[in-house]
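Asks: quick one: sequence plus predicted model below, questions after.
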Amino acid sequence: MDADDFTAVLSEVRRFVRERVVPLEEEIDEKDEMPADIREAAKKMGLFGFALPEEYGGLGLSMYEEAQLMFELGYTTPSLRSMFGTNNGIAGHVLMVGGTEEQKADWLPRIASGEVLASFALTEAEAGSDPSTLTTRARRDGDDWVINGAKRYITNAPLADVFMVFARTDPDAPRTRGISTFLVPAGTPGLTVAPKDHKMGQFGAWTADVYFDDVRVPAEALVGGEEKGLNRGFGTAMGCIAHGRVHISSLCVGMAERLVDESVAYASTRRQSGKLIGSFQLVQGLIADSMTDYYAGRATVLEAARAFDAGTDTKIGPSCTKYFASEMVWRVADRAVQIHGGAGYMRGIAVERFYRDARLFRIYEGTSQIQQVIIAKALLGEAARG
């Protein structure tokens, strides 16, 4: 994107986030719902397709540009980003990375516009950190595929129009080689979405279990077709998740900026023993540590995004930045609550809400422990196997 155009996009998103969404954060948290007018505004701004190619109606942002956009979006409730995150990220990228030209032309324009909300159905009850152990199966029956199984914690499932479903198509193949991906529209007979989950935080972003009971889809629903997509879904998923790790890391940085701002504002106005608490050196230390964490996180994300765009690091970098940024924002959130004291433990206070919201970042898109394993194995090679 032209530099001036991108600067204009960032400015528009910043105004939208800070003037329209931030004032609604408490309402979104209490009602566990994103207002319809915010959803429509996001569509008009192109936020449902910012990472998708321009030829399909998206903004075509690079990873480096996307990271900067996510800094702005991360300044408010993460449920805003979640509303269109899967369209741009792990769901939309399934088609970008593995889809046929026909599948891209059919689905990506509608995904980019927000006409279609897509969900990424990979995680299962016993296949989370290691999705290669998934048990959902798809068997060929004439010209169709029949899918049976269940998925867990699927983002946007109650609202989704289409699911990118990962299923085992060759039970005899090695775990990572017998998995394929299917486009399954909502409403397909046998597909059931459970009631939405009641989570610790990130209210307004809905997740739910999804069940497949003899769900029948045509052969053309196989992402990539038989030649390109059969039994290659695991590689597609891992490519999408690597992009998602940089994406989520950027969101963590945006949230950390907001938490620093909240901490500074409170310490600059709250008095204790007749003094502003910002005059106490121990409070100053908490703020300095949080600002340093934020600064380091921002630099780490931007470097990982540059390398991702260049293709020089699409594995270690995304894992390093996801590990650091998710742990970083948790530390910053914890300090923000500490600075607020008893007020920080009360509902209705921004830092209390962000504290609950931040906890999830250390879990999804690969737990911190999984990132440690990925990083160490990539560096150690055979030595990691003993």
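Replies: Received the coordinates, thanks.
Asks: which residue sits closest to Gly46, ignoring its sequence neighbours?
Replies: Closest residue to Gly46 apart from its sequence neighbours, by Cβ to Cβ, 6 or more residues apart in numbering: Leu59 at 5.2 Å. Every C-beta, even on glycine, is put in place using the N, C-alpha and C of the backbone.
Asks: does that neighbour touch Met1 like I think?
Replies: Yes - here Leu59 reaches Met1: they are 6.6 Å apart, a contact under Cβ atoms under 8 Å.
Asks: between those two, which contacts overlap?
Replies: Val9 (Cβ atoms under 8 Å, 6 or more residues apart in numbering).
Asks: pick out whichever of those two has more residues nearby.
Replies: Leu59 (23 against 15; other Cβ atoms under 10 Å).
Asks: surely that one is in a helix?
Replies: No - Leu59 sits outside any helix when classified using DSSP: H, G, I helix; E, B strand; the rest coil, being coil.
Asks: contacts only, for it.
Replies: Leu59 is in contact with 1, 9, 46, 49-52, counting by Cβ under 8 Å, 6+ apart.
Asks: okay, helices next: where are they in the protein?
Replies: Applying DSSP state H to the chain gives helices spanning 3-15, 25-31, 36-44, 63-73, 78-88, 90-98, 101-113, 225-229, 233-267, 281-310, 316-340, 350-358, 368-380.
Asks: using PDB, list the CA coordinates for the first one.
Replies: Pointing back at helix 3-15 there. Output of helix 3-15 as PDB, limited to C-alpha atoms (Å, rounded to 0.1, in the frame of the first residue of the first chain):
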ATOM      1  CA  ALA A   3       2.700   5.100   2.400                       C
ATOM      2  CA  ASP A   4       0.400   8.000   2.400                       C
ATOM      3  CA  ASP A   5      -2.700   5.800   2.000                       C
ATOM      4  CA  PHE A   6      -1.400   3.500   4.800                       C
ATOM      5  CA  THR A   7      -0.900   6.500   7.100                       C
ATOM      6  CA  ALA A   8      -4.500   7.600   6.400                       C
ATOM      7  CA  VAL A   9      -5.800   4.100   7.200                       C
ATOM      8  CA  LEU A  10      -3.900   4.100  10.600                       C
ATOM      9  CA  SER A  11      -5.300   7.500  11.500                       C
ATOM     10  CA  GLU A  12      -8.800   6.500  10.600                       C
ATOM     11  CA  VAL A  13      -8.600   3.300  12.700                       C
ATOM     12  CA  ARG A  14      -7.000   5.200  15.600                       C
ATOM     13  CA  ARG A  15      -9.900   7.600  15.700                       C
END
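Asks: please shift the residue numbers so they start at 19 in all later answers.
Replies: Okay, using 19 as the starting number, the last item reads as helix 21-33.
Asks: pLDDT (mean, whole number) over it?
Replies: What helix 21-33 shows for mean pLDDT is 96.
Asks: in it, what's buried?
Replies: Within helix 21-33, the residues scored as buried using 16 or more other Cβ atoms under 10 Å are 24, 27, 31.
Asks: tabulate those residues (CSV), appending distance to Glu275.
Replies: Listed next are those as CSV, based on distance: Cβ to Cβ, whole Å:
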residue, distance to Glu275
Phe24, 19
Val27, 18
Val31, 14
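Asks: picking up where we left off before, out of the helices of the chain, which is closest to Pro207?
Replies: Within those, the stretch nearest Pro207 is helix 119-131; the backing value is 20.5 Å (Cβ to Cβ).
Asks: output the contacting helices and strands for that closest one.
Replies: helix 108-116 (3 or more Cβ pairs under 8 Å, 6 or more residues apart in numbering; DSSP states H and E).
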